[in-house]
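K.L.:
Predicted model, plus sequence, below.
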Amino acid sequence: MDGAKLEKQKTKLGRFWLLAFLFLMSGLLAAYCLLPTTYSVKAEPLNVQPRPVGVVTDTPAITITTAAATSSATPTTSAREAQIQWAFGTVSGTYSSCTVQAKTSYDGVNFLTLGSPASVTVTSNALNAWTVIEQLGTTSVTTSSVSSSAALGFGQLTQFTFSCSSYGTSAPVSISVIYR
């Protein structure tokens, strides 16, 4: 009789541990399914390096051989600020009275100026840095003037236009932008 009781207790203990194991696995599976997923990144152009918490770094491409050039565009839908750096390599010829203008697009086709043109120095190894910050209302809602040429905030795409009053033969430049 003691042997039968012992077998019955072992069976109960085995069932208990089996149920405990299944309960634990169910809990882990439920926790895994309910936890938020990791941050997913949309496919961006190769030059864009997404960063967590709304920060995007970009290296737009541009070729400067004449008095005017336009960079490739970057997705900037959630941007509120851009920290921009243009680092020139070995410049051939003389470039004078040069500016860079940020432009943004709400529809992906038409680009409006964003901020004022920034004067840049175009000489060998020159480094130029500046920041574009969206305007914010000071007390409540602020409505901008209607414009077909200027914007006060970042649209879905942003690019840069370069222009000079006189130009040389080439001005290789490396652009890096941090959008927040």
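P.N.:
Received it, and whenever you're ready, just let me know what you need.
K.L.:
what pairs with the residue nearest to the spatial centre of the chain across the strands?
P.N.:
Taking CA atoms, centre = their mean, the centroid of the chain lies closest to residue 56, which sits 2.2 Å from it. Beta bridges link residue 56 to residue 50, residue 179, judged by DSSP bridges.
K.L.:
now the helices for the protein?
P.N.:
Assigned by DSSP state H, the chain shows helices spanning 2-34.
K.L.:
Tell me where the model's unsure across it.
P.N.:
For the chain, residues meeting the criterion pLDDT under 70 lie at 1, 35-54, 136-140.
K.L.:
what about residue 29, distance to residue 15?
P.N.:
Going from residue 29 to residue 15 by CB to CB, to the nearest Å gives 21 Å. From N, CA and C alone the C-beta is placed, and that goes for glycine too.
K.L.:
what do you get for residue 21?
P.N.:
11 Å.
K.L.:
Domains in the chain, by residue range?
P.N.:
Domain ranges of the chain: 1-35, 48-135+148-179, per automatic domain parsing.
K.L.:
For the closest residue to residue 65 other than its chain neighbours, give me its contacts.
P.N.:
In this structure, residue 65 finds its nearest non-sequential neighbour in residue 170, 5.4 Å apart by CB to CB, 6 or more residues apart in numbering. Listed by CB atoms under 8 Å, 6 or more residues apart in numbering, the contact set of residue 170 reads 64-65, 91-93.
K.L.:
Contacts for stretch 87-98 next, please.
P.N.:
Against stretch 87-98 from outside (CB under 8 Å, 6+ apart): 119-128, 162-176.
K.L.:
what do you get if the cut-off is 7 Å, keeping everything else the same?
P.N.:
120, 122-127, 162-174 (CB atoms under 7 Å, 6 or more residues apart in numbering).
K.L.:
Can you flag the buried ones in these?
P.N.:
Buried members of the contacts of stretch 87-98, scored by 16 or more other CB atoms under 10 Å, are 120, 122, 126, 162-164, 167-168, 170-171, 173.
K.L.:
And those, which is closest to residue 10?
P.N.:
residue 173 (78.6 Å; CB to CB).
K.L.:
So what pairs up with the closest one in the strands?
P.N.:
On the basis of DSSP bridges, residue 173 is bridged to residue 88.
K.L.:
what about it, distance to residue 91?
P.N.:
Residue 173 is 9 Å from residue 91, by CB to CB.
K.L.:
Same check on residue 29?
P.N.:
In terms of CB to CB, residue 29 sits 62 Å off from residue 91.
K.L.:
out of those two, which sits in the more crowded spot?
P.N.:
residue 91 (20 against 10; other CB atoms under 10 Å).
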